[in-house]
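[1] Here is the input, now give the coordinates:
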Amino acid sequence: MTHFRHAARNVLTKLTVAIIAFGVSIFIPRLLGAGHYGYYAFLTVSIGFLIPLTSMGLGAGFIYLLASRRYKMEQAVQSQILLASAIGAANAIFLLVAWLFEFPKALFLQMTVSEWIVLAICSFSQTISYFAGRMWTGLSEFRKLNAIDLFGSLSAPISLFICYYLTGSEERNYILYALLIHSIAMLAANAWFVKGMQWMPTWNAGFVREAFQYGAKSWFGDMALRANLRLDQLILGSVSPISSLGVYSAAVKLSELIWYIPDAVGPVLYNKIASTPSGGQQLQLLGRVHRLLFSGCTVVSILWAAAVVWVLIPFVLGPEFQPAVWPFLWLMPGTVLLISTKVLTKLYSAGGNVQWTSQITIAGSMMSALLYLILIPWKGIMGAAIASSVGYFAMGMVCWLYAMKHYHLNPVQYFVLRWSDIRWLGDQIKNALCIA
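    Next comes the predicted model:
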């Protein structure tokens, strides 16, 4: 009961953080305009894609080894810090090469040396923060993780507001400066929590080896998933006007708000499955969580779509972002179905079968990548939205084929909500709020 109480509190806290983050950041697109917002999106997506690409799955390995209690925290912290620093330095070198060749042009064309230095520091800082987040997740340190997420969700838009008004909006350099402030602030926030920890000042070769072994199995799948989620924006930013990427990124941000709920539950579910030896108990918990999440998110998505189309886009984002309506609506069906994939893959990865997750995401991403190459040059932001939604759908179908094959799951039992599920959810919320 105590475990579920902490888990429920974490989910509620994480949802609160997400709502605050969205409330603060929703005005950013209108403030920056479509062109500058597109540049900001391209920067963040590029760094966000680069870090897991060069990490070779180590982040997933850290989470698994710590969540399954194969290693204690004090045995692994120094090894994680050293590896994260090395990969951060490698990312800076990678960006140097990309800058020298001016690829992609939307990011590096006419970038000065000082601007590249700022970008390299951002990449290095975010790499360290990325691995720190994996450590907190594996240790189930969700209070620290939520505090850092809240801090980061506020520092990003506040940095943009400050730099925008201090430097003016004529040139887009203020976006790089804002990203630098945010990246260093996030690194400092993680360092604040790490400094009070006690650990062995040694290199743990066994931990690193096992993290690589597990991570290698998940890396292709993780990159395939990220390609499915972000390759559309990278391609769109490379072949279309940067303002088109700004409009499309706003549509993506609005559609992915639905994922705040399963993403809040995901780390808790993963750790619970990883630490539960009984397969029957794992499947019972998985079924209940899946029914609640999918049913609840489906209802929320319908209400959210109405609010976005009739209120947020016309009155908050403004006329410049009106073309985001149809891409947003095309993204929504696939976005909702991907919730099922997010839940089921926790069972595969936490059970040590991370290669299944990789195979599933690769299948969906191959479908998406093919459609991106065809539809984005042809239909622009509409093509990107259609391709993404179809890719999410394909991933969901493959994921359920694996579930039926390896676990003999009946999909009907995982989609039809039961009264017992609602009563169980009510109990978790009461426990989280300490209501008798």
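[2] tell me the mean pLDDT for the longest helix along the chain?
    Counting by DSSP state H, the longest helix found in the chain is helix 205-239. Helix 205-239 shows an average pLDDT of 83 in the prediction.
[3] What residues of it count as buried?
    207-208, 210-212, 214-238 (16 or more other C-beta atoms under 10 Å). From N, CA and C alone the C-beta is placed, and that goes for glycine too.
[4] Please name every helix or strand in contact with that helix.
    Packing partners of helix 205-239 (3 or more C-beta pairs under 8 Å, 6 or more residues apart in numbering; DSSP states H and E): helix 28-55, helix 58-67, helix 73-100, helix 105-108, helix 242-255, helix 354-379, helix 381-407.
[5] Which residues outside the fifth one are in contact with it?
    This points to helix 242-255. 25, 29, 32-39, 41-42, 45, 106, 232-233, 236-237, 308, 312-313, 317, 320-321, 323-325, 327-328, 331-332, 335, 380-381, 384-385, 388 (C-beta atoms under 8 Å, 6 or more residues apart in numbering).
[6] Tell me what angle it forms with helix 354-379.
    Interaxial angle of helix 242-255 relative to helix 354-379 (axes from the mean of the first three to the mean of the last three C-alpha atoms, to 10 degrees): 140 degrees.
[7] cool, the third one as well?
    Our comparison of helix 73-100 with helix 354-379, counting by the same axes, to 10 degrees, yields an angle of 30 degrees.
[8] I'd like to know which elements helix 73-100 is packed against.
    Short answer (3+ C-beta pairs under 8 Å, 6+ apart): helix 73-100 packs on helix 28-55, helix 58-67, helix 105-108, helix 113-138, helix 205-239.
[9] Check the average confidence over it, would you?
    90.
[10] buried set for it?
    75-81, 83-84, 87-88, 90-92, 95, 98-99.
[11] that older thread, of the helices and strands packed on helix 73-100, which is nearest Val354?
    helix 205-239 (4.2 Å; C-beta to C-beta).
[12] if we can go back for a sec, could you point out which of the helices and strands packed on helix 73-100 sits nearest Val412?
    Taking these one by one with C-beta to C-beta, helix 205-239 is closest: 26.4 Å.
[13] can you state the direction angle for that closest one and helix 28-55?
    140 degrees.
[14] Residue numbering should commence at 33 henceforth.
    Right, with 33 as the first residue, what we last looked at is helix 237-271.
[15] which regions of this structure lie under the pLDDT threshold?
    33-44, 46, 309-311, 464-468 (pLDDT under 70).
[16] swap the cut-off to 50 and go again
    33-35, 467-468 (pLDDT under 50).
[17] quick one: the helix or strand Ile216 falls within to helix 145-170, angle?
    Here Ile216 sits within helix 205-226, counting by DSSP states H and E. Computed by the same axes, to 10 degrees, the angle separating helix 205-226 from helix 145-170 equals 30 degrees.
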